[in-house]
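A.B. asks: one predicted model, sequence on top.
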Amino acid sequence: MSVVSVTPAAAELIRSLRGRHGPLMFHQSGGCCDGSAPMCYPAGEFRTGSSDVLLASLAVDGVPEPVEFWMSAAQWKLWKHTRLTVDVVPGRGSGFSLEAPDGVRFLIRSRLAA
Amino acid sequence: MTRYDAPTHWQSRYDHFIGGEYVKPHGGAYFENPTPVTGQTFTEVARGTAADVERALDAAHGAADAWGRTSVAERALILNRIADRMQENLESLAIAETWENGKPIRETLAADIPLAIDHFRYFAGAIRAQEGSLGELDDDTVAYHFHEPLGVVGQIIPWNFPILMATWKLAPALAAGNAVVLKPAEQTPASIHYWLSLVADLLPPGVLNIVNGFGVEAGKPLASSARVAKVAFTGETTTGRLIMQYASENIKPVTLELGGKSPNLFFDDVSASRDDFFDKALEGFAMFALNQGEVCTCPSRALIQQGHYSDFLAAAVSRTEQIVQGHPLDTDTMIGAQASNDQLEKILSYLDIGRQEGAKVLTGGSRADLGGELSGGYYVQPTIFEGDNSMRVFQEEIFGPVVSVTSFADLDDAVKTANDTLYGLGAGVWTRDMNTAYRAGRAIQAGRVWTNCYHAYPAHAAFGGYKQSGIGRENHKMMLEHYQQTKNLLVSYSTQKLGFF
């Protein structure tokens, strides 16, 4: 079972954003305000480094390349007993995440690892 | 009780404020701004893009030099006049912020707006009292140190205290002589414009420019611009890192406030007597519900010593259940609406994972439907989880009215659990023993340790994070130096050559 999966609604939004912005990536945020939420950027916009882990390369129907999902290693250490699902809800704010102007927001739903 | 009417002082539309006047967005687009009280849209706001940011930067650069040379007495006078206007309009400012953010009017009337007013007054005083220095290196040589403004700075404001958080950044930046391009949060862009309608005539054109919009469309061009001398941001870790990455491209400084998972420690001796102090400590526990938990320093982990654990926790649950949830414009209401639908959904997702991880719900635990027009609003019951510090509800900032409770054996155990977090912004220590208070306070790795109090935000106490909670401080006169450069004039008063050449 993949560490990160995507709901059909989130997949539809990823396809739409891919069409407008090119290849995409996610980095899971922590901290206040819009934290604890996944941020979606054009691939390469956010520079990952040795403090990050690549949790998944998401295969989304209609998106030609995998969409990488990253998290800081320190945060993943605290999350690693859970499995994540990228969903989407109506919303407003999201740091510099690409979907906010559409009036929607990516959201992580979690469940315990089997 | 008083129940205020929904505000009617909004314009139907807000443009960008650039160069002392309102200008339409370059792209011509606007976005809707709903109130979380009912979920209904009450105004629309210009959707800024890079072209609008450039225009604002032009205006700021046009104004920065003259503003930086304006005497500190004059700048201080203007800040004091801003404070006076806010004082005269305290009630309408409080209503505006409550309507836009969802927080209870008792908080905006008694905390947010009075604190913002005092903040302008504090920095009006601080800039006049600030002096440079001189060092007499020898009989003929003097090193002078001057404080100079940075020039034009970019500020990105969060949505949890729309006016107060803008003030925390604006007051020191303006006092220090900088021109500002400010982007309010896309969730709460309107109340800062209502504030501006009260004070805009006091500031020279171009000194303060406000560009509305989304982070990706307006925040990014501001944060990545080579034309800002500094970027100040309050938000979360991924965007904080991204802003640092942009700043590194331009070799510009940043200050970041990125939140926390603040522990609130209750030692056994708190329960030594059922007196006023015990009552105050219970209020300190319930502070997790202040501003619906949408505070970077929300005391979202309560650590209770084993000796009084059961009794204190029972009293704390009882106090939490007395929190009055209702219409945010009702002065009896203690907890209002979460600021946005996505915030509501995120909190609910944590209530879900907390239960899955085995945390026990002692009270609350779900969305609240307050009925009538409030059914469309975003309300969550104050919630207490009991569990273990390794659980995700103990480690992540939920930014909702949710506290996770666990126990500790002694001081060392308390400090160990308190510090077992990625963050270090705030903490609370409650004890009747001054030695325990001092040792715990010094050992907890957080920028502020409230000791026998919580959620006080006076202008002259430094606020900022250890660890992943950020870089730099806000509040306190030291904040002026976050918006200043040091100019050293190294002067020789000797007429004699050195003799090297």
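C.D. replies: That came through fine.
A.B. asks: now stretch B:478-492: how far from the chain's centre is it?
C.D. replies: 26 Å (Cα atoms, centre = their mean, to the nearest Å).
A.B. asks: what are the contacting residues of it?
C.D. replies: Outside of stretch B:478-492, the residues within contact range by Cβ atoms under 8 Å, 6 or more residues apart in numbering or on different chains are B:123, B:126-127, B:130, B:140-150, B:153, B:172-173, B:175-176, B:178, B:230, B:232, B:255, B:462, B:472-474. Glycine gets a C-beta too; all of them are placed from N, C-alpha and C.
A.B. asks: please enumerate residues in contact with the longest helix along chain A?
C.D. replies: For chain A, the helix with the greatest residue count under DSSP state H is helix A:8-21. By Cβ under 8 Å, 6+ apart, the residues outside helix A:8-21 that reach it are A:6, A:24, A:40, A:42, A:58, A:60-63, A:67, A:86-88, A:98-99, A:102, A:104, A:106.
A.B. asks: in chain B, which residue is closest to the centre?
C.D. replies: residue B:165 (4.4 Å; Cα atoms, centre = their mean).
A.B. asks: isn't that residue up against residue B:158?
C.D. replies: Yes - contact criterion Cβ atoms under 8 Å: residue B:165 and residue B:158 qualify, at 5.3 Å.
A.B. asks: joint contacts of the two?
C.D. replies: By Cβ under 8 Å, 6+ apart, the residues touching both residue B:165 and residue B:158 are residue B:234.
A.B. asks: and the gap between the closest residue to residue B:31 other than its chain neighbours and residue B:32?
C.D. replies: Excluding its sequence neighbours, the residue lying closest to residue B:31 (Cβ to Cβ, 6 or more residues apart in numbering or on different chains) is residue B:47, at 5.1 Å. The gap separating residue B:47 from residue B:32 is 10 Å, by Cβ to Cβ, to the nearest Å.
A.B. asks: go on, residue B:297?
C.D. replies: 31 Å.
A.B. asks: who has more neighbours out of the two?
C.D. replies: Taking neighbours as other Cβ atoms under 10 Å in any protein chain shown, residue B:297 and residue B:32 compare with residue B:297 leading, 28 against 12.
A.B. asks: contacting residues around the nearest residue to that one once chain neighbours are set aside?
C.D. replies: Closest residue to residue B:297 apart from its sequence neighbours, by Cβ to Cβ, 6+ apart: residue B:426 at 3.3 Å. Residue B:426 makes contact with B:260, B:262, B:296-297, B:299, B:446-450, according to Cβ under 8 Å, 6+ apart.
A.B. asks: and if you look at residue B:152?
C.D. replies: Residue B:152 neighbours (Cβ under 8 Å, 6+ apart): B:57, B:60-61, B:64, B:178-181, B:227-229.
A.B. asks: buried ones among these?
C.D. replies: Buried members of those, scored by 16 or more other Cβ atoms under 10 Å in any protein chain shown, are B:57, B:60-61, B:64, B:178-181, B:227-229.
A.B. asks: please flag which of the residues you listed sit within strands.
C.D. replies: Cross-referencing those against strands under DSSP state E gives B:179-181.
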